[in-house]
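Asks: predicted coordinates and the sequence they were generated for:
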Amino acid sequence: MQRVPELLSYIQTAVDTSGKLAQYVLSGSQQFSLLAGITQSLAGRACLIELHPLRLRELQGGSAGKLTLNNLLLQGGYPAVHARKLDPSRYYADYVGSYIERDVRSLSAVQDLGNFQRFMRLCAWLLGITSAQQMASHYARGALFETWVVTEALKWRAVRGDKQPLYFWRDNIGNEIDLLLEQNDTITLVEIKSGQTFQDEWLRSLQVVHRHLGEPTRRALIYGGDSLQMRGDISVVSWQALGLAG
């Protein structure tokens, strides 16, 4: 839709004339310029729906139900990769070439494409990982797993229509929490570890930060293993269990 913004004025006229709801579905891959057009021409006349990549729950309910964690981190959540059984490394390389380099470069007037490509590699799944075996031992696996868990939380909140932001905690002596969620009067502290075998030391930050906060808190550790267990009042949750979130 962002390629033909002149259509928005015609749609505005048609909507105002007919008075009917839900006549048109407009889609676009570049939300910044699309939103600018909608704000100018369709303010008060449009409902915006942001489409995220597939959630783990959706992947587990489809043909990708037996995904391993390494395959999940490698393949990501874009529907085409799973529906068409595409090679994720080729798909994302083409995605960068056909969308990011074209749309984002034109949007932000990027002049040095080489530096821009290096910047993108620091920001995404563009690390040259081509197999689950390579993912298993890659230095960035922990960071990729943490990012995936955070995006699952973002998608979960979007499905619920929850606009509350997500937070990260770090104090001046190095104690940190990977994810902090606010819901009603309760704060949930979430620590994220990609390892498959639970270690008691993973709970340290949850325990320290919990003592600092005077408000009601819940605590959870999400890790790369398979079992669910309780350590005191801390829930130790398998990554697979995120597929059960409503």
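Replies: Nice, I can see it.
Asks: you'd agree residue 182 is in a helix?
Replies: No. Read with DSSP: H, G, I helix; E, B strand; the rest coil, residue 182 is strand and lies in no helix.
Asks: assign a three-state SS to the nearest residue to it once chain neighbours are set aside, would you?
Replies: Among residues not flanking residue 182 along the chain, residue 164 sits closest, at 5.7 Å (C-beta to C-beta, 6 or more residues apart in numbering). In short, each C-beta sits where N, CA and C put it, glycine included. Put simply, residue 164 is coil when judged by three-state DSSP.
Asks: for residue 164, grab phi and psi.
Replies: Phi and psi for residue 164, reported as degrees, to the nearest 10, are phi -60, psi 140.
Asks: test my guess that it contacts residue 157.
Replies: Yes. Counting by C-beta atoms under 8 Å, residue 164 touches residue 157, with 6.7 Å between them.
Asks: so which of these two has more stuff around it?
Replies: residue 157 (16 against 10; other C-beta atoms under 10 Å).
Asks: and the helix or strand hosting the more buried one, C-alpha only, in PDB?
Replies: Under the criterion of DSSP states H and E, residue 157 resides in helix 141-159. Extracted C-alpha coordinates of helix 141-159, given in PDB (Å, rounded to 0.1, in the frame of the first residue of the first chain):
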ATOM      1  CA  ARG A 141      23.100 -18.800  20.600                       C
ATOM      2  CA  GLY A 142      22.400 -17.400  24.100                       C
ATOM      3  CA  ALA A 143      21.600 -14.000  22.800                       C
ATOM      4  CA  LEU A 144      19.400 -15.400  20.000                       C
ATOM      5  CA  PHE A 145      17.500 -17.500  22.600                       C
ATOM      6  CA  GLU A 146      17.000 -14.500  24.800                       C
ATOM      7  CA  THR A 147      15.800 -12.400  21.900                       C
ATOM      8  CA  TRP A 148      13.300 -15.100  20.900                       C
ATOM      9  CA  VAL A 149      11.800 -15.400  24.400                       C
ATOM     10  CA  VAL A 150      11.400 -11.600  24.500                       C
ATOM     11  CA  THR A 151       9.700 -11.500  21.100                       C
ATOM     12  CA  GLU A 152       7.400 -14.300  22.300                       C
ATOM     13  CA  ALA A 153       6.400 -12.100  25.100                       C
ATOM     14  CA  LEU A 154       5.800  -9.200  22.700                       C
ATOM     15  CA  LYS A 155       3.600 -11.400  20.500                       C
ATOM     16  CA  TRP A 156       1.700 -12.700  23.500                       C
ATOM     17  CA  ARG A 157       0.900  -9.200  24.700                       C
ATOM     18  CA  ALA A 158      -0.100  -8.100  21.200                       C
ATOM     19  CA  VAL A 159      -2.600 -11.000  20.900                       C
END
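Asks: report the buried residues of that helix.
Replies: Within helix 141-159, the residues scored as buried using 16 or more other C-beta atoms under 10 Å are 141, 144-153, 155-157.
Asks: remind me which residues of the chain are low pLDDT?
Replies: Applying pLDDT under 70 to the chain picks out residues 29-37, 39-40, 62-65, 99-113, 122-124, 246.
Asks: at which residues are the helices of the protein located?
Replies: 7-18, 31-41, 56-60, 69-75, 79-83, 88-95, 105-108, 113-123, 132-137, 141-159, 204-212 (DSSP state H).
Asks: tell me which of those sits nearest to residue 184.
Replies: Each of the helices of the chain has some distance to residue 184 by C-beta to C-beta; the shortest is helix 141-159, at 13.6 Å.
Asks: between helix 113-123 and that closest one, find me the angle.
Replies: 80 degrees (axes from the mean of the first three to the mean of the last three C-alpha atoms, to 10 degrees).
Asks: now do helix 141-159: which elements does it pack against?
Replies: Other helices and strands packing on helix 141-159, by 3 or more C-beta pairs under 8 Å, 6 or more residues apart in numbering; DSSP states H and E, are helix 69-75, strand 176-183, strand 186-193.
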